[in-house]
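Engineer: got a predicted structure plus its sequence, pasted below:
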Amino acid sequence: MKPVERRLIRELPALRRHLMCSAVLALVGAGLIVAQASLLATVLANGFAGRPHPSTPLAALAAVMALRALLTWARGLLAQRAAADAKHALRGRITARLQHTSPLRLMAHRHGETATLLTRGLDALDPYVVGYLPTMAATAVVPLTVVAWLVWTDWTSALIIVVTLPLIPVFGALVGLHTARRTAHQWQLLSRLGGHFLDVVAGLPTLRAFGREQHQTRVVGEMAEAHRRATMRTLRVAFLSSFVLETVATLSVALVAVPVGLRLLGGELDLRTALTVLFLAPEAYLPLRAAGAAFHDSAEGIAVAERIFTVLDDKDTPAAPTTPTVPAVQTAQTAQTKQPARTGRVPAPDARTGQLRLDEVTVHYPGRAAPALRQVSLSVRPGEHVALVGPSGAGKSTLLALLLGFVAPESGRVTVGATDLADLDPDQWRAQVAWVPQRPHLFAQSVADNIRLGRPRASDAEVRQAARAASADLFIEELPKAYGTVLGERGTGLSAGQRQRIALARAFLKDAPVLLLDEPTAHLDPVHEAAVTRATVNLMHGRTSLVVAHRTSLLPHADRIITVRAGSLTLPRTPFTQELPVS
Amino acid sequence: MTSHVEAAAAARTRGPRPTVRLLRHLLPYWRRLLPAALASAGSELAAAALLATAAWLITRAAEQPPLASVSVAIVAVRALALGRGALRYTDRLLGHDGALRAIAGFRTRVYEALVPLAPAGIPAFRDGDLLTRLVDDVDAAQDLLLRVLIPSAAAYAVATTTTAVAALMLPQAGLLLALLLTVAGLLLPALVLALSRRTGHAEKAARAELATYTVDLHRGAADLAAYGARGRAHERAHRVGAQIAALEHRKALTTSLASAVVLLLQSGATVGVSWLALHAHEAGALPAVHLTVLAVLALVSFEALAPLPAAARRLAEVRASARRLAELFDTPPPVADPPAPVPLPTDEPIGVDITDLRVRHRAGDPPALDGVNLRLPPGHRVVLIGASGSGKSTLIAALMRFVPYEAGSIRVGGRELRDCAAADVRRVITGVTQDAHVFHTTIRANLLLARPEATAADLREAARRARLLNWIETLPDRWDTLIGGDGATMSGGQRQRLFLTRALLADPPVLVLDEPTEGLDPDTAAAVLADILDATRGRTTLLITHDRAGLAAADEIVTLDRGRIVPVA
């Protein structure tokens, strides 16, 4: 058993129970197999001898076989339930893990493995739990019981089985060892050729754009043909192990049956014993053959288990670089140094009176040459409006992430009033902060529930009021089901400006004293930009605000403009010196 | 030979039968598949015959005849024991070979069906998950052959043969066996098939919901955390997970029932046939040797049926795939070529005139573009600014004849696009599309697809203009570097530059560029845009972007808002 399997069984009570149940059921099953063979042999031997046949053994045989059927049902039922429970438990552990992973890191992984793991990936455990584990239990129990019974009834046949039985795993391992080396370097080629079709189909729009779609028709056929040839080369070797397994098992049955027949000829054996041996011999080999077959199906399950544990053990290690589709957030996404400490549970000070301060703060993402923020100091008075400008990737978004507690400083302190942010319960602190990101996420829920994100119990009237304040009410009412319209990826599509205003409505409804806005007007056309700017300015009124603003429309409303460049802040500048939009 | 399960299943489907249609695509390969099915049936028959012959050998030996009368049986037992493994090996090899050949042919058919649908004809080209599923659907054909048809063929071969042999020995035993085998081999799989379909729906819905929530948990992680809503969202995902587990529990009750029922029928057959045989033997109508053979036949005939419930479940899944593929084959291409296409000029500078253009993605939807008027004078570079969702990519799709326009006109070099062959149009109008793809091959091959006859010097020049050359030259394998696939080898910026190089290499009379600077940092984006405008000087170009920096050299700038063009004052 691999370490992963041991860990899986150790950490999942459902699987432990399952393994124990399987062993017990296999033992009972082995007993029933022996009973069935003896009963059938008795019935037939009696008939052969011309003895009048009482119906009792036949009825007993029927009962035993019915019990075996029942046992099979119970085994399948328990195995599938164990699989469902195990998957549910793992799913729960993965989501719990997500809950305690820095949000920015999760977003960096948004097309990543964990999502697939949670939905489809886990199902690969089914063949392992339902097929492989019970056969393993049966392998340990059934051959032993059968051989023990045979030793008692006919030790010569038992000896043949005892000698040939180990040949199956030995040959299996030998062939496996030989083929593993030969197949290992084939898989890479196979997966490349196998993935070709998906690659071409995904690129079909591009092929059409350049008039190359007809040319590829031939290539698709050729690559599939190459894939077939490579697969067959691999399979010719890979199927050898099952060939050896099958042949050893069936040949052993012949090895048992022929001497038994010859001994019968010589009158050394009675028919009842001979038939019992004939019926039982294949049963001794069956679990090993089944294990061989289940082994192949279980491999993917084990691979998935490995991936699951990698995710569960992952202690905020640097994330792989992702395609920077959202450059502004990219720097913050890439990695998290550490989550803010959760040790302190100091009550959060009131942000309406406390000053926000950054004191010599440095943030350095692992795997990056330069720190994202370099000894930055800043203090923001309650009610003050600060605009952050500067090139993308300069650290503006990191600054907001610091104040949200998404990122912890490597050195220096972030304080609210006199309290270090690291000592606060992040949720308690965030209750006083409203954040409007550059590309807000809309959840697969109704518009109203999306606006209610921070205040799930807000009334419909309050939601409408927030939407009106964010100038979102007009377009929401035009949606098919107005506030009841379900949004999200597969839901109604909204334009970037509309999404932005729903996010602003969220912030209005939350009514928090601190406001963090990340380029709320980026990617908007002039008409939308004006509407969003109006709504944003309304929202900033009376609140401490930090606004990342690339363009001019929000700058006139700032008390102070700070330029962030290469992780450092430069002195406040006067407004209206930013590059002007094309006109 | 084709499975009865299959026929039973198809009978219930209304209208066209997707699985039968899928089979029809695979049928031309029967010459390859038939030997596999025969080998499979042979191997199962050998296993059954091995036990039956051994039973005969033992019972005959108990009568203590001379050795010569059982020597044939001894040889047969040994031969069957060896043959079983060999036949199994042959069956698996032939089966896989045949199935893979069939798949290779089928893939080409699916590809040909997909060509006219890319990218606007089906939603799969907008959604990576759907696309992956589509490709998996094609592979379902392999399962249909290897996991449904061939095992079913073997099972029915064994069931028929054993029944026939039993009937020859004792007709009433044959009858009983036939009856019980029919229940186990036909009725039960049909039931499993029907059940798998029903329980599938609720579970599929729950799984779709979980997938949505999982996306929300990832992409919305920051929003959830900032608004203190993480706990609630996780609870919701957890509830759906529990629901899935509950549904799987319920499913467990029925799925393992099928194999138990097969065993129950097997016990009925064994006990019943034995009872009949014993009576016939007592009456002197059955030789003693046949007694054990009949009992063994009853036992082994059901063992061959064991894979059928699983095959029926698999068939239910294959049917879902077959239905999606049938839909794909039935989807009409969004743009059909006119019967007599008008040729387009390709050499002289061409202008494009768009007037009152209206494009609708689907009938009944509000138009994605309505009343669009845009002029691309020959040799002019026009920049179109629009937010995401404003319809700018739809405009490019209409220009490249990926989507039809329902009203208005697009005239290129004086010809109406409707009257031209779409392939001709794309020889004239092409460039960087929104869904541009990096193929999992070398940089060179990725670029050459835009112009297969391009020389090394052409490649270098295009890469230089797109500012990709420096990067390529730092790579150890340079132009032969493998890219694409996992996509980890390139940054977003390098991807965009690759697309740009491709477009510059294609060098069409009308160049369209959809967001060529997406993913670049603002300074580089501005520089690249300036480079593009410089490189396309004197060339009819439509450049679409949401960014306004670096456009100083453009001949004209317009914005697209809610499907309408608004000039920038």
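Structural biologist: Yep, that arrived. Note that the structure is a prediction, hence the values are computed from the model and not measured.
Engineer: spit out the contact partners of the residue most central in space within chain B.
Structural biologist: Closest to where the C-alpha atoms of chain B average out (C-alpha atoms, centre = their mean) is B:V135, at 2.3 Å. Contact analysis of B:V135 by C-beta atoms under 8 Å, 6 or more residues apart in numbering or on different chains lists A:F197, A:L198, A:V201. In this view, the C-beta of every residue, glycine as well, is placed from N, C-alpha and C.
Engineer: ok, A:S38 next?
Structural biologist: Here A:S38 is in contact with A:T276 (C-beta under 8 Å, 6+ apart).
Engineer: SS state for the residue nearest to the centre of chain B?
Structural biologist: Following DSSP: H, G, I helix; E, B strand; the rest coil, B:V135 is assigned to helix.
Engineer: how much space between it and A:V201?
Structural biologist: With the distance defined as C-beta to C-beta, to the nearest Å, B:V135 ends up 6 Å from A:V201.
Engineer: same thing with B:G85?
Structural biologist: For B:G85 relative to A:V201 (C-beta to C-beta), the value is 40 Å.
Engineer: which one of these two is surrounded by more residues?
Structural biologist: Neighbours were counted for B:G85 and for A:V201 using other C-beta atoms under 10 Å in any protein chain shown; A:V201 has more, 26 against 22.
Engineer: surely that one is in contact with B:Y111?
Structural biologist: Yes: assessed by C-beta atoms under 8 Å, A:V201 is found in contact with B:Y111 at 7.0 Å.
Engineer: nearest to chain A: which residue in chain B?
Structural biologist: B:S256 (2.3 Å; C-beta to the nearest C-beta).
Engineer: need the strands for the chain, in chain order.
Structural biologist: If you meant another chain, say so; for now it's chain A. A:356-363, A:373-380, A:385-389, A:411-416, A:419-420, A:433-436, A:514-518, A:544-548, A:560-565, A:568-573 (DSSP state E).
Engineer: to clarify, I was referring to chain B.
Structural biologist: B:352-359, B:369-376, B:381-385, B:407-412, B:415-416, B:429-432, B:510-514, B:540-545, B:556-561, B:564-567.
Engineer: tell me which of the ones you listed is the most buried.
Structural biologist: strand B:429-432 (a mean of 27; mean count of other C-beta atoms under 10 Å in any protein chain shown).
Engineer: straight-line length of stretch A:484-504, end to end?
Structural biologist: 18 Å (C-alpha to C-alpha, to the nearest Å).
Engineer: nearest spatial neighbour of A:L275, skipping sequence neighbours?
Structural biologist: In space, and not counting its chain neighbours, A:L275 is closest to A:A41: 3.7 Å by C-beta to C-beta, 6 or more residues apart in numbering or on different chains.
Engineer: returning to what we had before: got a list of what the residue of chain B closest to chain A touches?
Structural biologist: Neighbours of B:S256 in contact, by C-beta under 8 Å, 6+ apart: A:T72, A:W73, A:R75, A:G76, A:L77, A:A79, A:Q80.
Engineer: now do B:P18
Structural biologist: B:R319, B:A322, B:R323, B:L325, B:A326.
Engineer: what's the longest helix in chain B?
Structural biologist: When chain B is parsed with DSSP state H, its longest helix is helix B:230-282.
Engineer: any idea of the mean pLDDT for that helix?
Structural biologist: If you average the pLDDT over helix B:230-282, you get 88.
Engineer: returning to that earlier point: of the contacts of B:P18, which is the nearest to A:L539?
Structural biologist: Of all the contacts of B:P18, A:L539 sits closest to B:R323, with 49.5 Å by C-beta to C-beta.
Engineer: would TSV of the strands of chain B with mean pLDDT and distance to B:R92 be doable?
Structural biologist: Output for the strands of chain B, formatted as TSV (pLDDT from 0 to 100; distance: least, C-beta to C-beta, whole Å):
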stretch	mean pLDDT	distance to B:R92
strand B:352-359	85	52
strand B:369-376	82	55
strand B:381-385	84	58
strand B:407-412	86	56
strand B:415-416	84	58
strand B:429-432	87	47
strand B:510-514	88	49
strand B:540-545	85	54
strand B:556-561	76	58
strand B:564-567	68	63
